[in-house]
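>>> heads up, no residue letters with this:
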């Protein structure tokens, strides 16, 4: 089948130029991924927007703020001068901007609590932050996501001017009026309004006289199987909670075993490591029986207050649950959604972190957007993306998105494939194919 290559977006000050180039793909040379210097233009955040960003993130005296791509240092300086943060750090790759930032900090009289580091924001360490500010670009934000989850503590606030995080929905968002256009970008993607894939950008405001500011709270890794005891009128019973996690979106099921024997779905709300969940028993009249939890998660322990309603009678008690150990390293195989063959996901542990590789016949593709949630994982992979961020369109090109928890040695979850159309006209007109969404139980195989 003939293949095409769709080129990436040009982002410039004031105007975003969308470029679609169709060229033969055979013989394309691999190129290195763009550095921060090449991929992110410098556009200063307006001072009023800086204040809005600090406000929506509720920045205060106990915070350590890191600004990634800090430019002339205005967010770092404002965080100390106006919000009295304990410490503020800017990471910037341009040495000219670093010198400018240090001069600005000296003029503002805040040099004792600010630091400016010359370096690439994608490789620098910002793990000490409990507030991170961004004005980068949609795909730069996506590239940072897995690092954000890997190195930042639960409860850390991420605030971004103008650009979202794909399918990671914000905890807060505000639209502010602006008197002129700043930096924005548009991707040529048929999935810009699909909230299930990283291409999603329909919540970003790129035209007119308004700006968007987004804020996310980093959740803890809670996927897996949690077990505890529940005191009921029928005595002490076993309680099992199975949680699936996709970034901040957490769903699950429960089972109460004993004389009651209830099963059902779980609604979960997270804010940092603060968790609330409500268990909805199946085949039971509404309000007759339910379990409500309000507490916190730390590592493999969940502690808080559990309210148990039985036949309209309510009792509350202190409650604790433990998460079972899970090791999903290995090679997992399942049928490919786009052809009559099997594909694999190989998960390895290197230097204490999980590394995933997608295997399709003789092709090996690193899965850089991979999230270890303790008892489960989540990943996204755009099959067909090349190193220069162009997209090679074939019958296999599309978003592969999966999540699962480990249950008695078996992975159980969902797998999705959102196909890019191989017809150039469909791609340009934004006509994606209907996604394939299936229950996922890949089998463990030898490498």
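In hand now; what should we look at? Just so we're clear, the structure is a prediction, and the values are computed from it rather than from any experiment. Residues are numbered from 1 along each chain as shown.
>>> domain map for the chain?
37-217, 225-323, 330-445 (automatic domain parsing).
>>> name the SS class of residue 434, please.
Classification of residue 434 by DSSP: H, G, I helix; E, B strand; the rest coil places it in coil.
>>> number of nearby residues for it?
7 (other Cβ atoms under 10 Å). In short, each C-beta sits where N, CA and C put it, glycine included.
>>> quick one: low-confidence parts of the protein?
Counting by pLDDT under 70, the ranges of the chain that qualify are 1-42, 179-188, 206-208, 287, 422-433.
>>> helices along the protein, start to end?
For the chain, applying DSSP state H gives helices covering 36-39, 47-56, 74-81, 95-108, 138-151, 424-428.
>>> can you say which of those is packed in most?
helix 74-81 (a mean of 25; mean count of other Cβ atoms under 10 Å).
>>> on that earlier part again, pick the most deeply packed of the domains of the chain.
domain 37-217 (a mean of 19).
>>> gap between the two ends of stretch 144-164?
Length of stretch 144-164, first residue to last, Cα to Cα, to the nearest Å: 12 Å.
>>> please state the backbone phi and psi of the closest residue to residue 203 other than its chain neighbours?
Using Cβ to Cβ, 6 or more residues apart in numbering and skipping the chain neighbours, the partner closest in space to residue 203 is residue 164 (5.5 Å). According to degrees, to the nearest 10, the main-chain angles of residue 164 amount to phi -90, psi -160.
>>> list the contacts of residue 164.
Applying Cβ atoms under 8 Å, 6 or more residues apart in numbering to residue 164 gives the contacts 138, 141, 170, 200, 201, 203, 204, 212, 214.
>>> now those as TSV including distance to residue 271?
Listed next are these as TSV, based on distance: Cβ to Cβ, whole Å:
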residue	distance to residue 271
138	25
141	21
170	13
200	22
201	25
203	20
204	23
212	21
214	16
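>>> nearest to residue 226, of those residues?
Residue 226 has its nearest neighbour among the contacts of residue 164 in residue 170, at 26.9 Å by Cβ to Cβ.
>>> so what's the closest one up against?
The contact partners of residue 170, by Cβ under 8 Å, 6+ apart, come to 164, 203, 214, 215, 216.
>>> so which of those sit within strands?
Applying DSSP state E to those, the entries found in strands are 214, 215, 216.
>>> from the residues you listed, which is closest to residue 131?
Once Cβ to Cβ is applied, the member of the ones in strands among the contacts of residue 170 that ends up nearest residue 131 is residue 215, at 9.6 Å.
>>> with residue 227 as the reference, measure out to that closest one.
Shown here: residue 215 relative to residue 227, a distance of 34 Å by Cβ to Cβ, to the nearest Å.
>>> try residue 195
Here residue 195 is placed at a distance of 33 Å from residue 227 (Cβ to Cβ).
>>> try residue 407
12 Å.
>>> the residue nearest to residue 161 when sequence neighbours are not counted: what's it in contact with?
In space, and not counting its chain neighbours, residue 161 is closest to residue 135: 4.2 Å by Cβ to Cβ, 6+ apart. Going by Cβ under 8 Å, 6+ apart, residue 135 touches 43, 45, 69, 160, 161, 162, 163, 183.
>>> any idea how far apart the tips of stretch 302-321 sit?
End-to-end distance (Cα to Cα), stretch 302-321: 5 Å.
>>> before we move on, the earlier item: any chance of the ones in strands among the contacts of residue 170 in TSV, plus distance to residue 436?
Converted to TSV, the ones in strands among the contacts of residue 170 look like this (distance: Cβ to Cβ, whole Å):
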residue	distance to residue 436
214	30
215	33
216	29
